[in-house]
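Enquirer: What follows is a predicted protein model with its sequence.
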Amino acid sequence: MEPLTCYDNVAWEQSEYVSDNWLLQFLDIEVKRPIALFMLMHDSGRDSEFTTLKKGSFNIVLRMEFTHSATNIRFPQPGTAMFPEEKVENEVAVKRFISDQTSIPVPFILHSGTREESPLKLGPFIMMSHIEYTTSMYDALNTPGCPKEEWGVLDPNTDEDRFRLIYTQLAKTLLQLSKTAFPEIGSLTQVDDFSWEVNRRPLSMNMNEVHLAYQRNDSAESADDCRRKFIAKQLFYKLARDKKLFSPYDENAPFKLWRDDFRPANVLLNDDMHIACVIDQRFFGPTEADDPNEMWRERLGLLDDTQRCEIERLVERKLEEMGDRVLEWDPDEYTEEFRHELMRRAEEKAKEDLPRETENDTK
């Protein structure tokens, strides 16, 4: 039995449907043209060429290439990233802060804006300088031939000088980040050209995850699995409430800049292996010798009476939900708007196809 909560596959399929169809529109020249013209309004050069650069897990990137430089524009994909406006605002502020306060190479932000300010209202966006690179730190150190779907393994034949060069640079990068200091925990906002404040909530990748109590499908495999996960969450909450998850020295400012996706794959290297750019489960799970169906019973006594009563109410609801797999999600505004647009298109297509089917039936 997996100790982690699975994704809601019903909502996941709907998210993929929305995201995949949203991406298809970038094949249309009538969508590409306004984007290209928009980019040329904010950046210009000689012999421009517009291309779709790549699609990632959460964004699509398009590039305007000039003779001696290039510019990227990036849009978050609806259906894959929650809080897209907030996500873009935070990233712009952090990139500009790092660019101003450190020597860490990051893309230069040319322009950014909300969905309302974007071409064709495609979504919040960032326009930034394109950084040429040869490989990533992950690929440079990974064992050749290691399958992409598996965890990387450090190549034992890596030249020691190359290894030292790469890791020295990474250490210097982490050292610079460690020197940043903020009076509060949260997200950065740029006040003016040279100052930033922490005045918004923190936003991490884990905030995209759905909690046990609110996830409609696939959050529990059985009644005991539900009890085990609920108890784990309550115990974790108790540790956090009692301030036992961190050292007392970490409770007060200053707080450091932190990113939950900072890893070798996001450190890009040039030909001579120098850094070209830095781009951007959780329960008390059983050990291999533990029986997960018994672990929750051993920990039940650690909860108070109210929490123990809440377990059975949650188990009853989850068992009912396992009987019918219903779509229930709370997407952001522009994801939901695009989903309704897809439904409207499907209805129109069905109406168009109906006369043809009737005509074929009469033949």
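Expert: Looks like it came in fine. Numbers count the residues shown, from 1 in each chain.
Enquirer: Next, the contact list for L268, please.
Expert: 131, 133, 135-137, 275-279 (CB atoms under 8 Å, 6 or more residues apart in numbering). The C-beta positions use only the backbone N, C-alpha and C, and glycine is treated the same way.
Enquirer: now do 10 Å
Expert: 105, 131-140, 275-279 (CB atoms under 10 Å, 6 or more residues apart in numbering).
Enquirer: I'd like to know which of those are part of strands.
Expert: 135-136, 275-278 (DSSP state E).
Enquirer: hmm, back to that, got a winner among the contacts of L268 for most neighbours?
Expert: Among the contacts of L268, V278 has the most neighbours (other CB atoms under 10 Å), with 23 neighbours.
Enquirer: Does that residue have any beta-bridge partners, and if so which?
Expert: V267 (DSSP bridges).
Enquirer: for the chain, what helix or strand is lowest in average pLDDT?
Expert: Lowest by mean pLDDT, DSSP states H and E among the helices and strands of the chain is helix 292-299, with a mean of 58.
Enquirer: quick check: domain ranges of this structure?
Expert: Following automatic domain parsing, one gets these domains for the chain: 7-130+332-363, 211-248+286-330.
Enquirer: Output these in TSV, with distance to D159 appended to each entry.
Expert: TSV is the format used below for these (distance: least, CB to CB, whole Å):
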stretch	distance to D159
domain 7-130+332-363	23
domain 211-248+286-330	38
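Enquirer: Select, out of the ones you listed, the one closest to D192.
Expert: The closest of those to D192 is domain 7-130+332-363. By CB to CB, the value is 11.2 Å.
Enquirer: I'd like the average pLDDT over that closest one.
Expert: Regarding domain 7-130+332-363, the rounded mean pLDDT is 84.
Enquirer: And stretch 306-324, by the same measure?
Expert: pLDDT averaged over stretch 306-324 gives 70.
Enquirer: residues contacting the nearest residue to L37 once chain neighbours are set aside?
Expert: Leaving aside its sequence neighbours, L37 sits nearest to P119 (CB to CB, 6 or more residues apart in numbering; 7.6 Å). Going by CB under 10 Å, 6+ apart, P119 touches 31-39, 41, 73, 75, 113, 125.
Enquirer: quick revisit: between the domains of the chain, which one is closest to W196.
Expert: When these are ranked by proximity to W196 (CB to CB), domain 7-130+332-363 comes first, at 5.3 Å.
Enquirer: Distance from the chain centre to that closest one, please.
Expert: 15 Å (CA atoms, centre = their mean, to the nearest Å).
Enquirer: And stretch 129-143, by the same measure?
Expert: Centroid displacement of stretch 129-143 relative to its chain, using CA atoms, centre = their mean, is 20 Å.
Enquirer: how long is it from one end to the other?
Expert: 31 Å (CA to CA, to the nearest Å).
Enquirer: Over to stretch 179-191?
Expert: 21 Å.
Enquirer: Let me know the closest of the contacts of P119 to F236.
Expert: For the contacts of P119, the nearest to F236 is F75 (35.2 Å; CB to CB).
Enquirer: For that closest one, which three-state class applies?
Expert: Classification of F75 using DSSP: H, G, I helix; E, B strand; the rest coil returns strand.
Enquirer: That one - nearest residue in space that isn't next to it in sequence?
Expert: G123 (4.6 Å).
Enquirer: okay, now the one you found: neighbour count?
Expert: As a burial measure, G123 scores 26 neighbours (other CB under 10 Å).
Enquirer: which SS class is it?
Expert: With three-state DSSP as the basis, the three-state label of G123 is coil.
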